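**Student:** Provided below for reference: sequence and predicted model.
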Amino acid sequence: MNDLILKKTTLIIFCQIPKEIGVVEAATMSVNPSTAYRMLKDFVQLSAGDTVIQNGANSAAGQNVIQLCKVWGLISVNIVRDRPNIDELKIFLKNLGATHILTEQELSKTDIFKSKAVSKAKLALNCVGGKSAVEILRQLDHKGVMVTYGGMSREPVTLPTSALIFKDISARGFWMSRWTKEHQGTQEQEIMQRDIAQLLIDGKLRAPVHKLLPLRLYQEAIKNTLNAKGFTGLKYIFDFQGLDSST
């Protein structure tokens, strides 16, 4: 009976996803690509040449933000934490389409905004919180919006009073699960899924760095994902193929 249910579930899912899309891409397209898509579409009216700044740019969602910005002609300023392999990481993000990559320390010293080499950001995407959130908020233009969708530092988001009063900055929150629940079966969801699927087929969106694990090794994924240092460097995806009662 369980085998029958599993086969039916797989059939339903695969009927909705083009066969040209790989298993990993299919498994993640409703999560990270959709999160990036909605945040870039729903909070600020962006046009080609506008600037988006984000922290946690090497995260799975951040990688999708970079690629969508490239597709839509947006300038992306991408902030990451310093680490031993920072040069390697910058090359990787650059190859994804990132316009600028800065460490958190470099952001506090950069003059790309003051010199107007890059226009002030209309949208800031925050998945870290704490000081990192404040630093990207400082780079927002008047009436800019910061969207928080995570809190990896486990520190609160603090908004400077001056940014609220003199720049009329807005702070919003986003949760993909809530959006999906509220828009299930709508034309808006259908359009997004179609757009993402086509970008995957065209090779303009790539799956994040990942590791496929059989479900019996779930402890490895949990242990590394909950690592307070946050330098896992990949996304864990459970592989249910071959799953049986002994697994």
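**Tutor:** Perfect, thanks for sending it. Not measured: the values here are computed from a predicted model. Residues are numbered from 1 along each chain as shown.
**Student:** going forward, measure contacts between C-alpha atoms and count neighbours the same way
**Tutor:** Will do.
**Student:** residue nearest the centroid of the protein?
**Tutor:** The residue lying closest to the centre of the chain (C-alpha atoms, centre = their mean) is Ala61, at 1.5 Å.
**Student:** Just the pLDDT for that residue.
**Tutor:** Note for Ala61: predicted pLDDT of 95.
**Student:** do the same with the one 3 residues further on
**Tutor:** The predicted local confidence for Asn64 comes out at a pLDDT of 97.
**Student:** Against which helices or strands is the strand ranked longest in the chain packed?
**Tutor:** For the chain, the longest strand by residue count, based on DSSP state E, is strand 140-148. With contacts defined as 3 or more C-alpha pairs under 8 Å, 6 or more residues apart in numbering; DSSP states H and E, strand 140-148 has these neighbours: strand 121-126, strand 170-173.
**Student:** Provide the contact partners of the last one at residue level.
**Tutor:** Strand 170-173 is contacted from outside by 143-149, 164, using C-alpha atoms under 8 Å, 6 or more residues apart in numbering.
**Student:** Could you pick out the buried ones from these?
**Tutor:** 143-149 (16 or more other C-alpha atoms under 10 Å).
**Student:** Pick the one among the contacts of strand 170-173 closest to Pro156.
**Tutor:** Thr148 (10.8 Å; C-alpha to C-alpha).
**Student:** Touching, the closest one and Thr158? I think so.
**Tutor:** No. Taking contacts as C-alpha atoms under 8 Å, Thr148 lies outside contact range of Thr158: 11.6 Å.
**Student:** hang on, the earlier thing: list the contacts for the nearest residue to the residue nearest to the centre of the chain once chain neighbours are set aside?
**Tutor:** Counting by C-alpha to C-alpha, 6 or more residues apart in numbering, the nearest residue to Ala61 once its immediate chain neighbours are dropped is Asn32, at 4.6 Å. Residues near Asn32 by C-alpha under 8 Å, 6+ apart: 60-61, 64.
**Student:** That's all I had, so thanks and see you.
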